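Asker: need a structure here:
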Amino acid sequence: MANTPRGMTASFLLRSCGSVVLCALALAAAASAQETGAFKDPRDGRTYRTVTIGGRTWMAENLAFKAKGGCHVYGWDADNKKANAAKYGYLYEWKAARKACPPGWHLPTKDEWDELVAALGGEPEAGAAMKSPKGWGGSDGGPDAFGFSALPGGYRDDSGSFDQLGRAAYWWTSTESDRYTAFCWSLHAGSPQVHLGTYGKSAGGAMSIRCVMD
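Answerer: Next up is the predicted model:
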């Protein structure tokens, strides 16, 4: 698999270590094998960490660009929202998400997400490889061996209520599943899995997004 040492997959790294020490060494080797970098958004000057996994370059942080409409910050007061925006980025409604990425980047398709998940070991295990070591509560974070650095930013439902901050991460894809819904991916505290689902495209519901380079 591209971007893993000697063709090793995340599944191998996370399951085949003979000891805690060996596993730590293997995960460190995987991390060092990734291509990392940075990108400065010309629209607001914010700099994002980037990582190349499976041949594609992803932002290693949730997008935090304030779009003209259809984007929200988890929280109910100014101080809380400011802190959450800095840590977790914005939550975007699907129509806004499709246009929110900076020039040269785009909202990933379901197929692009499928490739990422496969490169990280498949749905049963990729979540553990994606998770940031901190921010998931207790010892539930992952090794972040591939530099994706997922944080549990929660989501906003159609009624405007926020939920799951600190417990789950949700990301849109650009791919519609039917006339009313689009595909999305999620990670949850207490589980190594990454989950494919769908959510309504109607105004109100909002999730995080990760941009991928064109």
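Asker: Name whatever forms a beta bridge with Thr50.
Answerer: Beta-bridge pairing of Thr50 under DSSP bridges involves Gly37, Met59.
Asker: so it touches Lys40, yeah?
Answerer: No. The pair Thr50 / Lys40 is not scored as a contact, 10.7 Å apart, by C-beta atoms under 8 Å. To be clear about C-beta, it is placed using only N, CA and C from the backbone, and glycine gets the same treatment.
Asker: Between those two, which is the more surrounded one?
Answerer: Thr50 (20 against 11; other C-beta atoms under 10 Å).
Asker: Now do the helices in the chain.
Answerer: Listed in chain order, the helices of the chain (DSSP state H) span 10-15, 20-33, 78-88, 94-100, 110-119, 126-130.
Asker: list the contacts for the nearest residue to Ala83 once chain neighbours are set aside?
Answerer: Using C-beta to C-beta, 6 or more residues apart in numbering and skipping the chain neighbours, the partner closest in space to Ala83 is Gly75 (7.9 Å). Applying C-beta atoms under 8 Å, 6 or more residues apart in numbering, we find Gly75 in contact with Lys81, Ala83, Asn84, Phe162.
Asker: which residues of the protein score low on pLDDT?
Answerer: For the chain, the stretches flagged by pLDDT under 70 are 1-34, 138-139.
Asker: Taking the centroid of it, which residue is nearest it?
Answerer: The residue lying closest to the centre of the chain (C-alpha atoms, centre = their mean) is Ala150, at 5.0 Å.
Asker: the strands in the protein, which residues?
Answerer: Using DSSP state E, the strands assigned to the chain run over residues 35-40, 47-53, 56-59, 71-72, 91-92, 105-106, 153-156, 162-165, 168-176, 181-188, 194-200, 212-213.
Asker: okay, those strands, which one's buried deepest?
Answerer: strand 91-92 (a mean of 27; mean count of other C-beta atoms under 10 Å).
Asker: what's next to that strand, contact-wise?
Answerer: Under the criterion C-beta under 8 Å, 6+ apart, residues 63, 67, 70-74, 100, 153-156, 172, 206-209 lie in contact with strand 91-92.
Asker: The same query, at a cut-off of 6 Å, please.
Answerer: Cys71, His72, Ala100, Arg156, Ala206, Met207, Ile209 (C-beta atoms under 6 Å, 6 or more residues apart in numbering).
Asker: and the gap between the nearest residue to Tyr180 once chain neighbours are set aside and Pro152?
Answerer: Nearest non-adjacent residue to Tyr180, counting by C-beta to C-beta, 6+ apart: Gly200, 6.0 Å away. With distances taken as C-beta to C-beta, to the nearest Å, Gly200 is found 21 Å from Pro152.
Asker: Pull up the distance across stretch 88-97, start to finish.
Answerer: 15 Å (C-alpha to C-alpha, to the nearest Å).
Asker: With stretch 147-160 instead?
Answerer: End-to-end distance for stretch 147-160, by C-alpha to C-alpha: 32 Å.
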